[in-house]
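A.B. asks: missing the sequence, but the structure's below:
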C-alpha cells in the first residue's frame with residue numbers, strides 16, 4: 001500500500017543500454033581491411049618468368065548427359081567442347097567457360113593475377129622450351145579417339161599425337177591438356193639423302209608398289225637433300241641413305257672363277273665402283289636394302305654372271321694377251337653397267353686387276369705371247385722401214401715440188417713484170433692522149449675566143465661607122481638629097497675664108513659659084529604637097 005492508502009505501483013527506472021555504433025564501425029573496418037588482405041594473401045597468384053598459369057574451375061556444372069556419348073568423359077574445356085555445350089544449352093561460350101567444371105584451355109603468361117581459391121585452382125607450370133636441334137610433339141589428352149588407321153591427330157578435336165610440331169624456342173603449352181615429347185632433329189650429311197616413309201595419310205591409289213605418290217601412306221618417291229630436317233616421328237620416318245660412290249674389291253675368296261672356252265679355270269680379280277641412282281634411291285632402298293644387300297643381290301650376281309658368259313667365249317690364252325684382256329674388261333663394264341642400271345645402280349667402273357690362268361698352260365701361253373710380241377715387234381720394224389721410205393720419197397717429192405715452184409714463180413714474176421710494163425705504157429699513152437685532147441680542146445676554145453674577139457672588134461668598128469654615118473644620113477635627109485647637103489657643107493667650109501670676090505660673071509671660076517645659085521624649086525614642091 002502507498003502512503004496515501006492507494007495501491008502500490010512499481011516504479012520503472014530506465015536502464016542504460018550499450019551503443020551499437022562502434023561495433024558496426026569496427027566490423028566494417030575489419031571487413032574493409034580483411035578483403036584486401038584476402039585478395040593479397042589468399043587470391044594473389046604471381047607467375048614468374050618462363051612460367052604459365054592454368055586455371056581449373058572447381059565449381060560449376062558438369063557435362064550434359066546428352067553430350068557424354070559424343071565427347072565422353074572430358075575434363076578440358078577445349079573450344080570444340082565449349083561450342084557444343086553452348087549450342088546445346090543456349091548459353092554463350094564465355095558463360096560455358098566460367099560456369100562448368102574442368103580445366104580451362106587457355107593459358108596465362110607472366111604477371112600478377114587474383115583468383116578466389118574456392119572457385120578456381122591455379123596451376124603454375126613451366127613454359128615449354130624446345131632446344132636447338134630438337135623438335136617437340138604435342139600429344140593431346142582430350143578430344144575424340146583417333147579413327148582407324150590414323151596415327152596422328154589432324155583435326156583440332158582428335159586425341160593423340162598432333163601432326164604439327166613445335167620448332168626450337170619457347171611455347172606456352174597447357175601441360176594439363178597436352179603432353180610434350182621431345183625428339184632430336186635428324187641431320188642428313190653431305191653425300192646422303194633421306195628416304196621418307198609416311199606413316200599416316202591417304203591410302204595409295206596404285207597398290208603393290210615400292211613407292212607411292214606424295215601424300216599417300218608409304219615410302220615417298222621424293223627424297224630429302226642434305227641438311228637438318230625437323231619432322232614428326234609419329235607422322236613419318238626418315239632413313240639416311242649413302243649415295244656416294246662405293247668401291248668393292250673382288251680379291252681372294254671374293255674373286256670370280258669360271259671356265260674358259262677350252263675348259264680351263266680362269267680366276268679374275270678386280271674392283272667395281274658403284275653408286276645408287278639419285279632418281280631411284282627410295283625404290284632401291286625398299287626393294288633391296290642397305291649397301292651390303294645391294295652388293296649381294298645386284299652387283300655381285302650380275303658381275304659373276306656376265307664374267308662367266310663373256311669369259312666362256314674366249315680361250316685361256318686370250319686372257320693373258322693385253323688386247324684380249326682390255327676387250328674383255330670393256331665388255332664386262334658395258335654389260336654390268338646396262339644390267340645394274342635397270343635395277344637403279346650406276347656402275348662407275350669395273351677394273352680387272354689380274355687374270356690368272358692355270359699354271360700348266362701359263363708358261364706355254366707366256367712363251368707364245370712372247371713369240372707373238374716378237375712377231376709384232378718385227379712387224380712394227382718393217383712398218384717403220386716402210387714409213388721411213390715413204391718419208392724419203394715424200395722428201396724428194398718435196399724438193400721437186402720446191403724446184404718446180406721456183407720455176408713457176410720465175411715465170412709468174414716475168415709475166416707479172418711484163419704485165420706491169422704494159423700497164424705502165426698503156427697508162428702513159430692514155431695520159432698523153434688525155435693531154436692532147438686537153439690541148440685540142442684548149443686550141444678550139446682559143447680559136448673560138450679569137451673569132452669572138454674579132455667579131456666583137458668588127459662590130460665595134462661597124463657601130464662606130466654607123467654612129468658617124470647616121471647623123472650624116474639624117475642631115476642628107478633633112479636637105480632632101482646629098483648634092484644639096486654637099487653644097488651647104490662646101491659653102492660652110494669656104495665661106496669663112498672668102499673676104500671678097502673680084503671676077504666677072506663668065507669664066508671658069510665664075511662657073512663654080514653659078515651652080516650654087518641653082519636651087520631646087522622648093523616652093524613648087526611645097527605647093528604640091
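C.D. replies: Cool, the structure landed. Everything numeric in this text was worked out from a predicted model, so none of it was measured.
A.B. asks: Mind jotting down where the strands sit in the stretch 201-350 of the chain?
C.D. replies: Taking DSSP state E, counting those that start in this stretch to define them, one finds strands in the stretch 201-350 of the chain at 218-219, 227-229, 236-242, 246-250, 256-259, 265-276, 345-356.
A.B. asks: report the longest helix in the protein, please.
C.D. replies: Longest helix in the chain, counting residues (DSSP state H): helix 359-479.
A.B. asks: re earlier: switch the strands of the stretch 201-350 of the chain over to CSV; also include mean pLDDT.
C.D. replies: Shown next, in CSV, are the strands of the stretch 201-350 of the chain (pLDDT from 0 to 100):
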stretch, mean pLDDT
strand 218-219, 93
strand 227-229, 94
strand 236-242, 94
strand 246-250, 91
strand 256-259, 83
strand 265-276, 88
strand 345-356, 85
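A.B. asks: Mean neighbour count and distance to residue 132 added to those, as a markdown table?
C.D. replies: Placement of C-beta: from N, CA and C, glycine included. Below are those laid out as a markdown table (neighbours: other C-beta atoms under 10 Å; distance: least, C-beta to C-beta, whole Å):
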| stretch | mean neighbour count | distance to residue 132 |
| --- | --- | --- |
| strand 218-219 | 20 | 30 |
| strand 227-229 | 13 | 10 |
| strand 236-242 | 17 | 19 |
| strand 246-250 | 16 | 33 |
| strand 256-259 | 16 | 51 |
| strand 265-276 | 19 | 31 |
| strand 345-356 | 17 | 37 |
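A.B. asks: out of the ones you listed, which comes closest to residue 120?
C.D. replies: Among the strands of the stretch 201-350 of the chain, strand 236-242 comes nearest to residue 120, with 40.9 Å by C-beta to C-beta.
A.B. asks: Direction included, what does the closest one pair up with?
C.D. replies: Sheet pairing of strand 236-242 (DSSP bridges) gives strand 192-198 (antiparallel).
A.B. asks: Contacts for the strand it pairs with next, please.
C.D. replies: Strand 192-198 is touched from outside by 186, 188, 212, 215-220, 222-226, 229, 235-244, 278, 281-282, 285-286, with contacts defined as C-beta atoms under 8 Å, 6 or more residues apart in numbering.
A.B. asks: the inter-axis angle of that strand versus strand 265-276?
C.D. replies: 70 degrees (axes from the mean of the first three to the mean of the last three C-alpha atoms, to 10 degrees).
A.B. asks: pLDDT of strand 192-198, averaged?
C.D. replies: Average pLDDT, strand 192-198: 95.
A.B. asks: what about that strand, distance to the chain center?
C.D. replies: Chain-centre distance of strand 192-198: 28 Å, with C-alpha atoms, centre = their mean, to the nearest Å.
A.B. asks: Likewise for stretch 237-252?
C.D. replies: Its chain's C-alpha centre and that of stretch 237-252 lie 34 Å apart, by C-alpha atoms, centre = their mean.
A.B. asks: if we can go back for a sec, pull out the buried positions in whichever helix or strand comes after the longest helix of the chain.
C.D. replies: Reading on from helix 359-479 to the C-terminus, the next helix or strand found by DSSP states H and E is helix 482-494. For helix 482-494, a neighbour-count test (16 or more other C-beta atoms under 10 Å) marks residue 485 as buried.
A.B. asks: What average pLDDT does helix 482-494 get?
C.D. replies: The model assigns helix 482-494 a mean pLDDT of 73.
A.B. asks: Output the contacting helices and strands for that helix.
C.D. replies: helix 359-479 (3 or more C-beta pairs under 8 Å, 6 or more residues apart in numbering; DSSP states H and E).
A.B. asks: what angle separates the helix it packs on from strand 345-356?
C.D. replies: Per the same axes, to 10 degrees, the angle that helix 359-479 makes with strand 345-356 is 130 degrees.
A.B. asks: Which strands and helices lie in contact with helix 359-479?
C.D. replies: Here helix 359-479 touches helix 482-494, going by 3+ C-beta pairs under 8 Å, 6+ apart.
A.B. asks: one step back: taking helix 482-494 as reference, get the angle to the longest helix of the chain.
C.D. replies: Computed by the same axes, to 10 degrees, the angle separating helix 359-479 from helix 482-494 equals 80 degrees.
A.B. asks: For helix 359-479, what is the distance to the chain centroid?
C.D. replies: 59 Å.
A.B. asks: How about stretch 210-224?
C.D. replies: Stretch 210-224 sits 29 Å away from the centroid of its parent chain (C-alpha atoms, centre = their mean).
A.B. asks: How far does that stretch stretch from one end to the other?
C.D. replies: 17 Å (C-alpha to C-alpha, to the nearest Å).
A.B. asks: list the buried ones in that stretch?
C.D. replies: 211-212, 216-221, 223-224.
A.B. asks: Next: stretch 177-185.
C.D. replies: 177-178, 185.
A.B. asks: show me the contacts for the most centrally placed residue in the chain.
C.D. replies: Centroid-nearest residue in the chain: residue 225, 20.4 Å away (criterion: C-alpha atoms, centre = their mean). Residue 225 sits next to 188, 193 when contact means C-beta under 8 Å, 6+ apart.
A.B. asks: residues touching the closest residue to residue 233 other than its chain neighbours, list them.
C.D. replies: Leaving aside its chain neighbours, residue 233 sits nearest to residue 183 (5.5 Å; criterion: C-beta to C-beta, 6 or more residues apart in numbering). By C-beta under 8 Å, 6+ apart, the contact set of residue 183 is 134-137, 233.
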